[in-house]
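Asks: need the 3D shape of this:
(2 chains)
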Amino acid sequence: MSFTTIKSALTGKPGIGSEITVKGWVRTRRDSKAGFSFINVHDGSCFDAIQVVAPGELPNYADEVQKLTTGCAVECTGTLVESGGRGQKYEIQGTEVKVIGWVEDPETYPIQPKRHTFEFLREVAHLRPRTNTFGAITRVRHAAAQAIHRYFSERGYYWINTPIITSSDAEGAGDMFRVSTLDLANLPRNEKGDVDYSRDFFGKETFLTVSGQLNVEGYCLALSNVYTFGPTFRAENSNTSRHLAEFWMVEPEIAFADLEHLADVAEEFLKYIFAAVLEECPDDMAFFEQRIEPQAINRLRSFIEKDFVRLNYEEAIEILKQADVSFEYPAEWGLDLQTEHERYLTENHFNAPVVVMNYPTEIKAFYMRLSDDERTVAALDVLAPGIGEIIGGSQREERLDILERRMDELDLDKEHYQWYLDLRRYGTVPHAGFGLGFERLVNYITGMTNIRDVIPYPRVPGKADF
RNA sequence: UCCCCAGUAGCUCAGCUGGUUAGAGCGGGUGACUGUUAAUCACUAGGUCCGCGGUUCGAGUCCGUGCUGGGGAGCCA
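Replies: A predicted model of the protein is given here:
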């Protein structure tokens, strides 16, 4: 029953001359009437497929081996030998090729040994992991996720599993998906004619979370260094290559930290992840460099080597005003930076990752810490060449009176946030945190251009297939 | 949500200013040949030209509309 992964076989670990069995899926078959066939088998354990040489003497050679097509599942037993061909060090001299699962109709099997468009592969999202590209994305995504957990764990952060169903209403992070068990065709109403959510499953209105931040702050003000890493939902009608309705977000929250410290963590954190992926996925990254984005490896290396540029929003606006290019939208103090502005800063002006800090109070969320002159809040965005905003974060407002005042100004229902305000009533401390869109990170690492291709089953407006 | 582009074979595409029977490569089938690397060569099957309506003697081609996909913008991670 035991068998060898292709990764292990291709490193030669079992030893030349040893008898091994591999199991996987056929990528290509090339054969010779004169005597044998070459079967390339992959199992996802590594980028490369292994070549199995199937001799014509096999009892099922004519009946089965020669009928193998791309996608068939096979179990191949044989001797691990040095390869006689170019392109690989080892191969299997087969003694048995067992077909585990046929491809029902080879003509319409969608995954062919050729280049497909990513648009087409999205329509067969359940089969696309069998391609080189999506296998590589999957391994890199895994390596990046593991590196994130490792980074935090090594530094004493605890992973907090904040709730996915939440009752707190929108805090500015975006539109929410409603969670309800009410019968949509027969909604209960109160005297005023409004929907009576007291009869709903939770006895109140509930939604899918847009961020674990508020919840994780509670754990931050107890365990000091914490983070969330989980699915997040936005019901916004965003139709771009950078947005998903369901995506994964990493949100560290650090007690006794200010904005400068947060920027330090963001920089060290990103560099750590990139270094880990380069180290652990060299074959996959070589593939991205060769077929997807020629700079895939170089830009990660230079990202790791360079210091991030840090500047205040105010300085950023000055740079943009003096820029020798015409922007579609004006760069003016008090207005948010547009995509074109972010690109100019990070790709043209600095050609490096840029941390923009201290944004105008009016354009940022209520929980961000107000500066002494009250014109700005302690917020930061990390902008990266090629993707724009990858991290958004802030030092949180830890002073109860100011936080309440800000909520009043923004007309937020303080009743909903009593528990959040408690955190400022009982042992409040300065603290700060950021959010990182995990898919945006994977997009950047791999050089993929559409975020729908770096999450297994993308959810976007009008689409929730599979 | 707004602006732009596209939809032709299982897949990737060509098809000019409207004109007879819509083509190629890959993939499939058959055969040849070969330690081959997305092998090669020959033959072969395979099409509601996205749907609907219109203009025209004639529409894959032009117009309208719907649907689907993509790119960009806004919102943001």
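Asks: just for the stretch 1-150 of chain A, where's the confidence low?
Replies: Across the stretch 1-150 of chain A, residues meeting the criterion (pLDDT under 70) sit at A:1, A:33-34.
Asks: interface residues of it facing RNA strand B?
Replies: Proximity of the stretch 1-150 of chain A to RNA strand B (CB under 7 Å from any atom of the strand) is limited to residues A:28, A:30-35, A:38, A:40, A:51, A:53, A:67, A:69-70, A:83-88, A:91, A:93, A:106-110, A:112-117, A:119-120, A:122. Heads up, the C-betas are built off the backbone N, CA and C, glycines and all.
Asks: among the residues you listed, which are in strands?
Replies: A:28, A:30, A:31, A:38, A:40, A:51, A:53, A:91, A:93 (DSSP state E).
Asks: and the helices in the stretch 151-300 of chain A?
Replies: Under the criterion DSSP state H, counting those that start in this stretch, the stretch 151-300 of chain A carries helices at the ranges A:213-223, A:259-280, A:282-287, A:296-305.
Asks: can you list the buried residues in whatever helix or strand comes next after the last one?
Replies: I take that to be helix A:296-305. Heading C-terminal from helix A:296-305, the first helix or strand you meet, by DSSP states H and E, is strand A:309-312. For strand A:309-312, burial by neighbour count (16 or more other CB atoms under 10 Å) applies to A:309, A:310, A:311.
Asks: now flag whichever of those residues is closest to residue A:424.
Replies: residue A:310 (28.1 Å; CB to CB).
Asks: hang on, the closest one packs against residue A:262?
Replies: No. Counting by CB atoms under 8 Å, residue A:310 does not reach residue A:262; the two are 11.2 Å apart.
Asks: for RNA strand B, give me its nearest residue in the stretch 301-450 of chain A.
Replies: Taking CB to the nearest atom of the strand as the measure, the point where the stretch 301-450 of chain A comes nearest RNA strand B is residue A:437, at 3.1 Å.
Asks: quick one: residues contacting that residue.
Replies: A:247, A:248, A:249, A:390 (CB atoms under 8 Å, 6 or more residues apart in numbering).
Asks: could you pick out which of these are near RNA strand B?
Replies: Within the contacts of residue A:437, those near RNA strand B by CB under 7 Å from any atom of the strand are A:247, A:249, A:390.
Asks: sorry, back to before: switch the helices of the stretch 151-300 of chain A over to TSV; also include mean neighbour count.
Replies: Formatted as TSV, these follow (neighbours: other CB atoms under 10 Å):
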stretch	mean neighbour count
helix A:213-223	21
helix A:259-280	19
helix A:282-287	18
helix A:296-305	17
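Asks: ok, which of these comes nearest residue A:400?
Replies: Here helix A:213-223 is closest among the helices of the stretch 151-300 of chain A (CB to CB), at 12.9 Å.
Asks: so which elements touch that closest one?
Replies: Packing partners of helix A:213-223 (3 or more CB pairs under 8 Å, 6 or more residues apart in numbering; DSSP states H and E): strand A:225-233, strand A:246-255, helix A:418-425, strand A:431-437.
Asks: the last one - what's its average pLDDT?
Replies: Which is strand A:431-437. What strand A:431-437 shows for mean pLDDT is 97.
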